[in-house]
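[1] heads up, no residue letters with this:
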């Protein structure tokens, strides 16, 4: 039934989840758990066209379209990066391209993620969001 | 002097990050600056800011004096024969580029060879690649063994009469071991090749005597040895520098300038075109004075050794940890440890350690060929300075264990 929640509701839930943690170490622990909970990502899908450009650690994003909705899967060799992409997938998977494109992705700023990453990591985050938007735009 | 006392000279070490005491273990990237350096830097900017060498007024005099005093100080510190052999640059990278361009213009021709080692920083690879492309010369690579030491037997056969220059690091920024540069220089000289030594790390950890080493060039950056950034040194033997054409043209490096032709200033100004970072370069004096005191301070040296041994042993005890740059003899290793840990990404570790107040480096360390040699995508590097204490090392180890537990 979760898919029925609007994108905005899910975004707000994530923001609420994060507000429970005072310390960034605790937030990282949560992100790491999210990373570990990602579905298995097949080795053969770790291809250059699925690789997110601009990340220091390697991140791959794969997707499939079913009934007009985009379902993402992803992997990274670094667990915190994997947690971050897992968080994005949690929010944006199972949405229509139009829904995804309607989001301003400000959720990552609202949970303080961007400002708490090193500039190189933050650039990687921007690249991940860019790829999700690109996939949505191509499947409109 | 104890590290706890020594560190009081470095104001930044008092600061906190994320409410925790800063533990600065990224000294191989840049060292922190003592009050003597910060004071002079500020004093020159506030009180004596004037362009050096050119004007006759009082301020220019003061600025010039501070700049030239630094040159005398560098000469003495590395025991060069004369002040003319000390060329100021913006850093070790600029020094290598200057040497590669200028030496290459004069001495490197089609089919000639340049050798670099496998454990070089990109700054001591790319300038030579560019030179070889420009001159259609051949770049050869001196391999390192599993412990990270250059293979001297191979060097003996790799270096041929066609080899014009061998560029090798005094100490790798990844491995933390001092290379046998004297032996390397002797082998190369027997074959008629010149040697450039990259001393960016080496000068911080060992007393350098360029005449004793007999190197043809020695380069280093100021910022890794307590001076401010944007300062560097190219040492070259006088007759060699004299024979080389200028690298950059501009103000200060000339004798007379006519549209029909220009004559150049004598050494070292021939290689110092344009306005130098004169307030910065002047700080090499207090910086090297401090470095000299550190070398002589037995108590400080003993404390650093103890911290290094502790870290080395504790790291080796850590499950799944692979350390790069193993020592052949204990005196060869300085307190720099690069490693990977099974099942944990180096970048994740650095990110968690940062939140614990610890500054370390993760990634390829500007040494991609060496990463390839060891088959890793990157490493975590901790690099210490004499102001780092045993307490910090213990806090680092317990934080590292915590971070590993979080990530595994």
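    Great, that's in hand. All values derive from a computational prediction rather than experimental measurement.
[2] CA only for contacts and neighbour counts going forward, please
    Fine.
[3] burial check on residue 90, number of neighbours?
    I went with chain A, as the question did not name one. Residues lying near residue A:90 (other C-alpha atoms under 10 Å in any protein chain shown) number 18.
[4] if you could check chain B rather than the one you did, that'd help
    Per other C-alpha under 10 Å, the neighbour tally for residue B:90 reads 21.
[5] list the residues that contact residue B:408.
    Contacts for residue B:408 (C-alpha atoms under 8 Å, 6 or more residues apart in numbering or on different chains) come out as B:343-344.
[6] let me redo that: residue A:140
    By C-alpha under 8 Å, 6+ apart, the residues touching residue A:140 are A:97-98.
[7] pLDDT wise, what is it at?
    pLDDT for residue A:140: 85.
[8] separation between it and chain B?
    The spacing between residue A:140 and chain B, counted by C-alpha to the nearest C-alpha, to the nearest Å, is 35 Å.
[9] what distance do you get for that residue to residue A:65?
    From residue A:140 across to residue A:65, the span is 11 Å (C-alpha to C-alpha, to the nearest Å).
[10] check contacts around residue 41.
    You didn't say which chain, so I picked chain A. Taking C-alpha under 8 Å, 6+ apart as the contact definition, residue A:41 lies against A:73-75.
[11] that's the wrong chain, I wanted chain B
    Applying C-alpha under 8 Å, 6+ apart, the residues near residue B:41 are B:279-280, B:282-283.
[12] so which of these are in helices?
    Among these, the members falling in helices (DSSP state H) are B:279-280, B:282.
[13] tell me the SS of residue B:131?
    helix (DSSP: H, G, I helix; E, B strand; the rest coil).
[14] what's the pLDDT at it?
    98.
[15] so what touches stretch B:224-231?
    For stretch B:224-231, contacts defined as C-alpha under 8 Å, 6+ apart pick out B:27-34, B:37, B:88-91, B:200-201, B:203-204, B:221-223, B:277, B:280-281, B:283-284, B:286-288, B:291.
[16] thinking again about what came up before, just the closest of the ones in helices among the contacts of residue B:41 to chain A, please.
    Of all those, residue B:280 has the smallest distance to chain A: 27.2 Å, by C-alpha to the nearest C-alpha.
[17] residue of chain B with the smallest distance to chain A?
    residue B:345 (5.2 Å).
[18] that residue reaches residue A:77, doesn't it?
    Yes: assessed by C-alpha atoms under 8 Å, residue B:345 is found in contact with residue A:77 at 6.9 Å.
[19] those two: who's more crowded?
    Neighbours per residue (other C-alpha under 10 Å) separate residue B:345 from residue A:77, with residue B:345 holding more: 25 against 17.
[20] give me the nearest residue to the more buried one, chain neighbours excluded.
    Of all residues not flanking residue B:345 in the chain, residue A:78 sits nearest, at 5.2 Å (C-alpha to C-alpha, 6 or more residues apart in numbering or on different chains).
[21] same deal with residue B:95?
    Excluding the flanking residues, the one nearest residue B:95 by C-alpha to C-alpha, 6+ apart is residue B:234, at 5.1 Å.
[22] so the one you found lies in a strand, does it not?
    Yes: Residue B:234: assigned to a strand according to three-state DSSP.
[23] you'd agree it is up against residue B:216?
    No: Residue B:234 is not in contact with residue B:216 according to C-alpha under 8 Å; the separation is 10.4 Å.
[24] which one of the two is surrounded by more residues?
    Counted by other C-alpha under 10 Å, residue B:234 and residue B:216 do not tie: residue B:234 has more neighbours, with 28 against 22.
[25] check contacts around the more buried one.
    Residues in contact with residue B:234 (C-alpha under 8 Å, 6+ apart) are B:86-89, B:92, B:95-96, B:99, B:217-220.
[26] ok, and the most crowded of the residues you listed?
    In terms of neighbour count, residue B:218 stands highest of the contacts of residue B:234 at 31 neighbours, by other C-alpha under 10 Å.
[27] sec struct for that one, please.
    strand.
[28] and it, bridged to which residues?
    With DSSP bridges applied, residue B:218 shows beta-bridge pairing to residue B:197, residue B:235.
[29] which helix or which strand is home to residue 134?
    Went with chain A since none was named. helix A:119-138 (DSSP states H and E).
[30] you looked at the wrong chain, it should be chain B
    According to DSSP H and E, residue B:134 maps onto helix B:126-135.
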